[in-house]
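# using only what follows, build the 3D model:
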Amino acid sequence: MAEGGTGRGGGRKEKEDVEVESSLFEGVHKAVVLHDSNIFHQPVTSPGDACLILTRVLYLLIQGETFSQEESTKLFFGVTKLFQSSDVMLRRMVYLVIKELGRNNENVFIVINCLSKDMTSGNEVFQANAIRVLSKIIEVSLLGQMERFIKQAIVDKNAFVASSALVAGQNLFTKAPDIVRRWSNEIQEAVSSKSKMVQYHSLALLHAIKKHDRLSILKIVSSLAKKPPKSPLAHCLLIRYAVQALTTASASADEKSLIEFITSSLRHKSSMVMYEAARALCFLPVQYKANVAPAIAVLQEFLNSPIPSQRFCAVRTLNTIVTAFPLYVTPCTVDLELLINDQNRNIATLAITTLLKTGVESSIDRLMSSISSFMSEIQDELRIVLVDAIETLCFKFPARADLFLEFLSSILREEGGYLYKKTIVDAITHILSRIPNTTEVALEYLCDFIEDCEFSQLSVQVLSLLGDKGPQTKNPSRYIRYIFNRVILEQPRVRAAAVTALAQFASHCSALQVTVRKLLEGCLRDTDDEVRDRAVFYTSMFQRDVEVARTWSDFRISFFSTMTQTLRS
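Have a look, this model is predicted:
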């Protein structure tokens with residue numbers, strides 16, 4: 001019974017903890033937080049209460065809340081008094097808040113002394129965090145006093161301290177590049193550190209220092225390629241730098257060794273390094289095309305990986321390069337077809353997109369039905385990729401253009417953002433431009449779309465297309481109703497575009513001039529100036545054409561009548 005009672009009590013306690021956690025930021029207001037921060041000035045402050053208040057301060061700052069100069073200064077002074085506490089969690093919160101408040105604070109020099117003491121203290125946690133904060137708030141004029149300590153920290157035996165010093169170097173390089181360049185020896189020594197994170201940060205900082213000296217970068221990359229760092233992150237970084245070196249003329253002498261380094265990375269123990277090497281070989285310039293086959297073989301292995309992230313990165317890379325290397329990607333077709341039913345819809349979408357780019361006409365119907373089943377479950381970013389693939393496939397098989405247009409029309413009526421809808425409209429526009437026999441069907445789909453279009457810019461684009469292509473169709477009068485509906489129902493910008501589209505029909509189709517003129521005369525009383533001005537311009541232009549035509553007709557009748565009378569006499 002006792003155990004049962006304890007268990008139920010524990011359950012209630014867990015529930016209470018969840019409620020407290022969920023309501024930690026509920027109803028947080030700047031005024032309340034500033035009032036609560038007065039406890040920082042008390043002789044004895046509870047570390048737990050202080051951490052809670054500092055957490056709320058950070059929450060407000062992250063949410064974009066602005067503090068006035070007076071509020072920021074008062075809060076800043078209160079936080080500096082917490083340096084007296086030796087509580088590790090509280091001190092970490094103090095470092096975070098000081099870093100945010102001290103960026104543009106005139107009184108930042110007050111905490112420089114406290115941070116300097118922490119930076120030289122025996123506590124490695126305080127030392128590392130103090131270095132990071134100093135790099136964010138210190139002025140360049142005061143950096144000379146701290147330079148010696150940061151240089152020593154770069155080669156410190158503690159990996160956390162050394163990594164923090166290297167990160168600080170990256171932050172300071174934008175402020176004082178000349179000072180940071182003087183640390184090159186220490187940074188190069190840190191590259192050979194036993195710590196994987198120190199290797200990564202030191203290589204990144206070394207590249208930032210040398211990036212404008214191509215020969216130095218090539219020398220560093222070539223030397224490290226012979227004995228790559230053990231850190232997978234540093235190894236990936238080295239692969240990227242090797243690719244950069246290969247794209248420059250200065251790498252011609254070491255081209256073979258760099259290619260061998262990247263190719264050998266395909267057999268690395270870390271899947272992250274293997275993928276980075278495969279991706280690098282796929283995106284190298286054309287002259288290195290022979291190295292694509294082993295890279296795609298690695299990506300094909302990733303397609304069968306039980307880890308979703310590996311499957312995703314592999315199929316995404318294949319989808320990107322399939323247009324450039326269709327023959328190399330074709331052997332992956334079986335593996336890609338297995339991914340169509342993947343639980344991760346993003347992977348399934350990219351797999352289908354890749355198959356669409358490499359597929360044959362007989363597989364189109366099956367792929368299109370698979371797409372329709374989960375189109376609404378994926379994000380716009382991947383839907384755009386899918387639309388681009390369908391557009392490419394339509395140009396490859398123009399005989400199936402009606403099927404593709406019907407699919408694009410159906411997804412155009414579904415929910416989606418502006419960029420996604422614009423991609424579909426652009427795809428339909430490109431199809432009707434390059435495949436003339438689809439013009440009327442495509443225009444019909446676009447007319448249905450603007451009947452319920454929420455984006456005025458797309459309505460304007462479609463109306464402009466209707467004005468250009470509509471008069472050239474067999475039955476141009478069928479589009480007049482859709483265009484005039486926009487004059488009645490839409491906002492001024494769309495109404496103005498509709499007036500122009502109507503005028504284009506009247507200009508190219510003499511049989512519609514009378515009808516269009518009557519519709520435009522109704523726009524002369526529009527409440528918007530631009531719509532009204534366009535209607536006035538086009539109606540007056542058509543009226544002038546009618547009068548000129550009538551005058552020319554009267555002149556011809558009079559002329560021939562006179563000539564006939566003269567000849568008779």
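# only C-alpha atoms from now on, for both contacts and neighbour counts.
Will do.
# please report how far L281 lies from N319.
As judged by Cα to Cα, to the nearest Å, L281 and N319 stand 15 Å apart.
# so for those two, which residue has more residues nearby?
L281 (25 against 22; other Cα atoms under 10 Å).
# what distance do you get for that one to N304?
For L281 relative to N304 (Cα to Cα), the value is 20 Å.
# with S85 instead?
S85 is 54 Å from N304, by Cα to Cα.
# likewise F283?
In terms of Cα to Cα, F283 sits 22 Å off from N304.
# in which helix or strand would I find D533?
According to DSSP states H and E, D533 maps onto helix 529-568.
# contacting residues around the spatially closest residue to S464 that is not a sequence neighbour?
Spatially, and ignoring its direct neighbours in sequence, S464 is nearest to A501 (6.2 Å; Cα to Cα, 6 or more residues apart in numbering). Neighbour list for A501: 463-464, 466-468, 483 [criterion: Cα atoms under 8 Å, 6 or more residues apart in numbering].
# for those, which PyMOL command selects only the ones that are buried?
In PyMOL syntax, the buried subset of these is picked out as below (16 or more other Cα atoms under 10 Å):
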select buried, resi 463+464+466+467+483
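# farthest-separated two in the contacts of A501?
D468 and I483 (12.8 Å; Cα to Cα).
# and E454, which of the three is it?
Of the three states, E454 takes coil under DSSP: H, G, I helix; E, B strand; the rest coil.
# please read the previous query as pertaining to T527.
coil.
# that one: neighbouring residues, count only.
10.
# next one: F302 relative to R532, how far apart?
62 Å.
# please read the previous query as pertaining to A399.
Counting by Cα to Cα, the gap from A399 to R532 is 44 Å.
# these two: who's more crowded?
R532 (21 against 11).
# and the pLDDT at the more buried one?
Among the per-residue scores, R532 shows a pLDDT of 82.
# shaky segments in the chain?
1-24, 103-107, 249-253, 359, 361, 374, 543-569 (pLDDT under 70).
# hmm, back to that, pick out whichever of S85 and N304 has more residues nearby.
N304 (16 against 13).
# so who does that one touch?
By Cα under 8 Å, 6+ apart, the neighbours of N304 are 311, 335.
# roughly how far does the residue lying closest to Y479 once chain neighbours are set aside sit from E440?
The shortest distance from Y479 to any non-neighbouring residue, by Cα to Cα, 6+ apart, is to G470 (7.0 Å). Plainly put, G470 is 8 Å away from E440 if you go by Cα to Cα.
# which of the two has more residues huddled nearby?
G470 (25 against 18).
# surely the more buried one is in contact with A503?
No: using Cα atoms under 8 Å, G470 is not in contact with A503; the gap is 11.7 Å.
# for stretch 343-358, which residues meet the burial criterion?
345-358.
# and if you look at stretch 217-228?
217-218, 220-222, 224-225, 228.
# from those, which is closest to S46?
Taking those together and measuring to S46 by Cα to Cα, the closest member is P228, at 49.2 Å.
# identify the residue spatially nearest to the closest one, adjacent ones excluded.
H235 (6.5 Å).
# and that neighbour, what does it touch?
228-229, 273.
# nearest to L339 among those residues?
When the contacts of H235 are compared for distance to L339 (Cα to Cα), V273 wins out at 23.4 Å.
# isn't the closest one right up against A234?
No: using Cα under 8 Å, V273 is not in contact with A234; the gap is 9.4 Å.
# how about the helices in the stretch 151-300 of the chain?
Taking DSSP state H, counting those that start in this stretch as the test, the helices found in the stretch 151-300 of the chain are 159-173, 177-181, 184-191, 196-210, 214-226, 232-246, 255-264, 271-282, 292-303.
# is it true that C282 touches I321?
Yes: in this structure C282 lies within contact range of I321 using Cα under 8 Å: 7.2 Å.
# between the two, which one's more packed in?
The residue with more neighbours, out of C282 and I321, is C282; 25 against 17, by other Cα under 10 Å.
# grab the nearest non-local neighbour of that one.
V292 (5.4 Å).
# how far does stretch 435-454 stretch from start to finish?
Stretch 435-454: ends 28 Å apart by Cα to Cα.
# distance check, the residue nearest to A165 when sequence neighbours are not counted against S141.
Nearest non-adjacent residue to A165, counting by Cα to Cα, 6+ apart: I154, 5.3 Å away. Counting by Cα to Cα, the gap from I154 to S141 is 21 Å.
# the two: who's more crowded?
Remark: of I154 and S141, I154 carries more neighbours, 27 against 8, as counted by other Cα under 10 Å.
# so who does the more buried one touch?
Going by Cα under 8 Å, 6+ apart, I154 touches 161-163, 165-166, 186-187, 190.
# state the distance from it to C114.
Using Cα to Cα, we find I154 at a distance of 21 Å from C114.
# then A190?
A190 sits 27 Å away from C114, going by Cα to Cα.
# which one of these two has more residues nearby?
Neighbours were tallied for A190 and for C114 using other Cα under 10 Å; the higher tally belongs to A190 (25 against 14).
# confirm for me that that one is in contact with L205.
No: applying Cα under 8 Å as the test, A190 and L205 come out as separate, 10.5 Å apart.
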